[in-house]
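# Kindly generate the corresponding structure for this input.
(one chain, ligands or ions: 2)
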Amino acid sequence: MPGLTAPSDYSKEPPRHPSLQINAKEPFNAEPKRSDLIASYVTPSDFFYKRNHGPIPIVEDIDRYCVVISGLVENSKEFFMKDIRKLPKYHVTATLQCAGNRRTAMSKTRTVKGVGWDVSAIGNAVWGGAKLVDVLELVGIPKLTSVTQFGGRHVEFVSIDKCKEESGGPYKASIPLSQATNPEADVLLAYEMNGEPLNRDHGYPLRVIVPGVIGARSVKWLEAINIIAEECQGFFMQKDYKMFPPSVNWDNIDWSTRRPQMDFPVQCVICSLEDVSTIKPGKVKISGYAASGGGRGIERVDVSVDGGKTWMEASRHQKRGIHYVADDANSDKWAWVLFEVTADILHSTEIIAKAVDSAANIQPEKVEDIWNLRGILNTSWHRVQVQASHSNL
Ligand SMILES: Nc1nc2c(c(=O)[nH]1)N[C@H]1C(S)=C(S)[C@@H](COP(=O)(O)O)O[C@H]1N2
Ligand SMILES: [Mo]
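Ligands and ions are numbered 1, 2, ... in the order given. Next comes the predicted model:
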């Protein structure tokens, strides 16, 4: 591809913040510390989790870089960065969450296959770029189209990175055309993250952002967009990122029985405490994040400091000075909500958090009930243990 190349080894990786917890070195997979994650509503790109499946691509000549749109459209077309930048620019605050977030905890009940993640494979950023709907209009696909006149029903995003799972081929994924052409779905071709050009780890020069959907569909280092009849047949759509029941194992799995996971379910996590923390008896601040997929807001976050016998409601906020109301026009619908509650804790105990989204969906109590062999979507009640100690800390 002119302008953008994909190395086959890891000798040209970008610099990364030293405080990240590295879960795998090659490909580079890392997440911030819990306390760094909730230090701000918008996650600085340095502290934003990095989830890669191959070496990070390199831009050799930004002026020659272009994205080709082809497939079941009347005319294929190339888009250079200057063409993308000419389109109306949107800023969308959206939370990206890897489907593997909290996998390590799921693995503790029964081993699962995949990179281990604590609770920080999630981040909230302000993405700047063109709306995919505006780009597709330029190849003759009108807004709110579910099928093109040539039978196109899906939009496939193809990258350039060399992934082992694709036998050295690029990462790819697709979304339905109806979502891609819905202006309210806010699907972006983003070139900015938090007001700055994307950095290499996060998809420079151009990536897709599919708000409300598991991170796997937000393809980085975009090289081509194909309008296709069936959903993308790539590994990460067909042989990964699907939700199976606990009875399915590696001997009886039939990948074709399940659809690729898209929206993520309601989730919440305590980030002010580690799995096991020692505290001084007295007032303890409990804070963390809550998020739901599909643009659903967070209706409530319940916290228990007695192992689930009694519950109190945490306060929620997105922006300082603006009261958060789920699904209100002033709230960021694709973004997480931070929560906080202060409790009197005098003895060692288990603290639990669980959220309710605007459709009244709740988190499952036990991880065992949602265990799946790939360890995705661990949204079980988040539990941490605190040990009360009167000695000087
Ligand atoms: N080209 C490409 N796009 C990709 C990936 C990848 O490995 N290659 N990983 C996906 C996954 S699984 C996730 S969770 C997000 C992570 O985005 P981030 O690294 O910017 O946080 O990117 C997605 N897009
Ligand atoms: Mo992911």
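
# Assumed Asp201 was part of a strand.
No - inclusion of Asp201 in a strand is not indicated when DSSP: H, G, I helix; E, B strand; the rest coil is applied; the result is helix.

# how close does it sit to Lys143?
Applying Cβ to Cβ, to the nearest Å, the value for Asp201 to Lys143 is 33 Å. The C-beta positions use only the backbone N, C-alpha and C, and glycine is treated the same way.

# So for these two, which sits in the more crowded spot?
Taking other Cβ atoms under 10 Å, Asp201 and Lys143 do not tie; Asp201 has more neighbours (22 against 12).

# Pro245 and Val210, how far apart?
Using Cβ to Cβ, Pro245 is found at 26 Å from Val210.

# Who has more neighbours out of these two?
Between Pro245 and Val210, counting by other Cβ under 10 Å, Val210 is the more crowded of the two (27 against 11).

# didn't the more buried one look like it was pressed against Ile175?
Yes - the pair formed by Val210 and Ile175 meets the contact definition of Cβ atoms under 8 Å, at 5.7 Å.

# quick one: common contacting residues for these two?
By Cβ atoms under 8 Å, 6 or more residues apart in numbering, Val210 and Ile175 have these common neighbours: 187, 217.

# Spell out which parts of the stretch 1-150 of the chain neighbour ligand 2.
Residues of the stretch 1-150 of the chain that fall close to ligand 2, judged by Cβ under 5 Å from the ion: 51, 98.

# can you pull the contacts of the residue of the stretch 1-150 of the chain found nearest ligand 2?
Of all residues in the stretch 1-150 of the chain, the one sitting closest to ligand 2 is Cys98 (3.2 Å; Cβ to the ion). With contact set as Cβ under 8 Å, 6+ apart, Cys98 has these partners: 49, 51, 117, 121-122, 214-216.

# One more pass at 6 Å, please.
51, 121, 215 (Cβ atoms under 6 Å, 6 or more residues apart in numbering).

# so where do the helices sit in the stretch 101-250 of the chain?
In chain order, the stretch 101-250 of the chain shows helices spanning 103-109, 132-137, 177-180, 235-238, with DSSP state H, counting those that start in this stretch as the criterion.

# if we can go back for a sec, filter the contacts of Cys98 down to the buried ones and express that as a PyMOL selection.
Once 16 or more other Cβ atoms under 10 Å is used to decide burial, the buried members of those can be selected in PyMOL as follows:
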select buried, resi 51+121+215
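
# Now distance to Pro197 and pLDDT too, for the contacts of Cys98, in a markdown table please.
A markdown table is the format used below for the contacts of Cys98 (distance: Cβ to Cβ, whole Å; pLDDT from 0 to 100):
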| residue | distance to Pro197 | pLDDT |
| --- | --- | --- |
| Arg51 | 20 | 98 |
| Ala121 | 23 | 98 |
| Gly215 | 20 | 98 |
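
# mind listing which of the contacts of Cys98 are in strands?
Among the contacts of Cys98, the subset assigned to strands under DSSP state E consists of Arg51.

# Between the contacts of Cys98, which sits nearest ligand 1?
Each of these was checked against ligand 1 using Cβ to the nearest ligand atom; the closest is Gly215, at 2.6 Å.

# so what's the closest one up against?
With contact taken as Cβ under 6 Å, 6+ apart, Gly215 is in contact with 96-98.

# same question, Ser107
Residues touching Ser107, when contacts are defined by Cβ under 6 Å, 6+ apart, comprise Gly375.

# redo that, cut-off 10 Å
Remark: with contacts taken as Cβ atoms under 10 Å, 6 or more residues apart in numbering, Ser107 is in contact with 113-114, 116-117, 367, 371, 375, 378.

# same deal with Ile175?
Contacts for Ile175 (Cβ under 10 Å, 6+ apart) come out as 132, 154-157, 185, 187, 208, 210, 213, 217-219, 231-232, 260, 262.
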